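>>> What follows is a predicted protein model with its sequence.
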Amino acid sequence: MDAPRDPRSTWSLPAPGELPRTADLEPLVTRVLAPNASGMTLDGTNTYVVGAPGSGQAVLVDPGPDDPAHLAAVESALAARDARCVAVLVTHHHGDHAEAALPWGTRFGAQVAAADADVAGPGGRVLGSGDRLALAGTTIGVVGTPGHTHDHLAFRIESGAVLVGDHVLGRGTSVVTHPEGDVVAYLESLRRVHDLGPSALYCGHGPELTEDPGAVLEFYLAHRAYREHQILAALGDVPRTVAEIVAVIYAEVPRQLWPAATQSTRATLAKLHAE
């Protein structure tokens with residue numbers, strides 16, 4: 001099996017570190033980049049300000065870290081839209097997406113909504129797949145996308161774009177950790193988002209994907225199949241530890257990413273063992 005080709009390799013995407021701090025992606029959406037860049041978060045966490053122009057309201061999706069500079073940038077984006085925050089939506093419980101949810105919800109007097117009751121907090125709303133939220137002059141559809149985490153959600157907006165959190169990244173591929181993540185559920189979620197026919201993927205990290213979102217989702221599915229093939233080939237007839245498998249199939253990946261690769265490998269081995 002040959003390695004699948006990433007369709008983004010021929011796209012004109014911003015280089016790492018060159019994403020603008022704030023960008024209007026479409027009339028419904030402004031992206032605000034948090035200052036928490038790292039090997040795992042890429043340029044940083046993308047916080048999305050979503051609402052119909054002229055509604056005077058907006059929803060925050062994935063507020064990210066509770067950072068004063070990031071809060072100031074989000075408040076500036078709200079002011080530019082002449083909007084007040086009426087809800088905070090969270091794709092999943094990881095701190096780089098959810099840390100600011102409760103404190104900012106309190107600051108804005110806005111309800112927090114997530115699939116995890118602890119993230120939504122007291123007085124928050126627990127979301128389920130298929131929910132439809134009429135907020136900020138628009139309707140937001142809730143799409144269950146477990147796999148990266150058990151509580152992962154995506155949000156489909158009226159333009160057809162899907163805010164995918166960590167389900168899909170603007171660069172590279174998402175990590176499915178073990179035992180928190182579930183590769184079987186992740187693959188099903190990729191197919192679910194693909195079936196929506198998204199006009200764009202607005203990722204939790206990295207640039208937005210607008211040129212051919214379906215091709216990216218197909219690449220993600222093919223990439224997972226290729227990793228399974230590599231793991232089985234590395235095992236062959238010789239027992240190997242997880243660390244030895246990672247050293248073989250991730251030999252060209254920077255070593256600082258091997259801990260994450262180890263978790264993804266464990267998750268894939270769990271899938272293969274169950275099958």
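Sure thing, it's come through. Numbering: from 1, shown residues only.
>>> Just give me the neighbour total for Arg8.
19 (other CB atoms under 10 Å). All C-beta spots, glycine's among them, are computed from the backbone N, C-alpha and C.
>>> Are we agreed that it is in a strand?
No. Counting by DSSP: H, G, I helix; E, B strand; the rest coil, Arg8 falls outside a strand, being helix.
>>> Surely it touches Tyr220?
No. If you go by CB atoms under 8 Å, Arg8 and Tyr220 don't touch, sitting 10.9 Å apart.
>>> Relative to Gly165, how far out is Leu89?
10 Å (CB to CB, to the nearest Å).
>>> Could you do Lys271 as well?
Remark: distance between Lys271 and Gly165 (CB to CB) = 21 Å.
>>> average pLDDT for stretch 35-50?
In this model, stretch 35-50 has an average pLDDT of 96.
>>> In that stretch, which residues have enough neighbours to count as buried?
Buried positions in stretch 35-50, judged by neighbour count with 16 or more other CB atoms under 10 Å: 36-37, 40-50.
>>> right, and Ala115 touches Leu153 too?
Yes. With contact defined as CB under 8 Å, Ala115 counts as touching Leu153 (5.2 Å).
>>> Strands along the stretch 51-200 of the chain, start to end?
Assigned by DSSP state E, counting those that start in this stretch, the strands in the stretch 51-200 of the chain fall at 57-61, 84-89, 111-114, 125-126, 132-135, 138-144, 153-156, 162-165.
>>> now the longest helix seen in the chain, how far from the centre of its chain.
If you go by DSSP state H, the chain has its longest helix at helix 213-235. Distance, stretch centre to chain centre, for helix 213-235: 18 Å (CA atoms, centre = their mean, to the nearest Å).
>>> Equivalent analysis for stretch 69-89, please.
Centre-to-centre, stretch 69-89 and its host chain are 20 Å apart (CA atoms, centre = their mean).
>>> circling back: anything in contact with each of Leu89 and Gly165?
Asp62, Leu153 (CB atoms under 8 Å, 6 or more residues apart in numbering).
>>> could you list every residue that touches the residue sitting furthest away from the middle of the chain?
Ranking residues of the chain by C-alpha distance from their mean position (CA atoms, centre = their mean) puts Asp237 at the top, at 36.9 Å. For Asp237, the contact set (CB under 8 Å, 6+ apart) is empty.
>>> again with Ala58
Contacts of Ala58 by CB under 8 Å, 6+ apart are Val49, Val50, Gly51, Leu78, Arg81, Ala83, Arg84, Cys85, Val86, Ala136.
>>> Restricted to helices, list these.
Leu78.
>>> Looking at the contacts of Ala58, which is nearest Leu209?
Leu209 lies nearest to Val50 out of these, by CB to CB, at 17.2 Å.
>>> thought that closest one was touching Gln57?
No. The pair Val50 and Gln57 does not pass the contact test of CB under 8 Å, sitting 9.8 Å apart.
>>> Look up the residues that both of the two are in contact with.
Common contacts of Val50 and Gln57 (CB under 8 Å, 6+ apart): Ala136.
>>> Surely Pro7 and Gly214 touch.
No. Here Pro7 does not reach Gly214: they are 9.4 Å apart, not a contact under CB under 8 Å.
>>> Return the residues in contact with Arg21.
With CB under 8 Å, 6+ apart, Arg21 has these contacts: Val32, Leu33, Ala73.
>>> brain fart, Ala80
With CB under 8 Å, 6+ apart, Ala80 has these contacts: Thr30.
>>> Phi first, then psi, for His93.
Here is the backbone geometry of His93 (degrees, to the nearest 10): phi -80, psi -10.
>>> secondary structure class for the residue farthest from the centre of the chain?
On the basis of three-state DSSP, Asp237 is classed as coil.
>>> Nice, that's everything, thank you.
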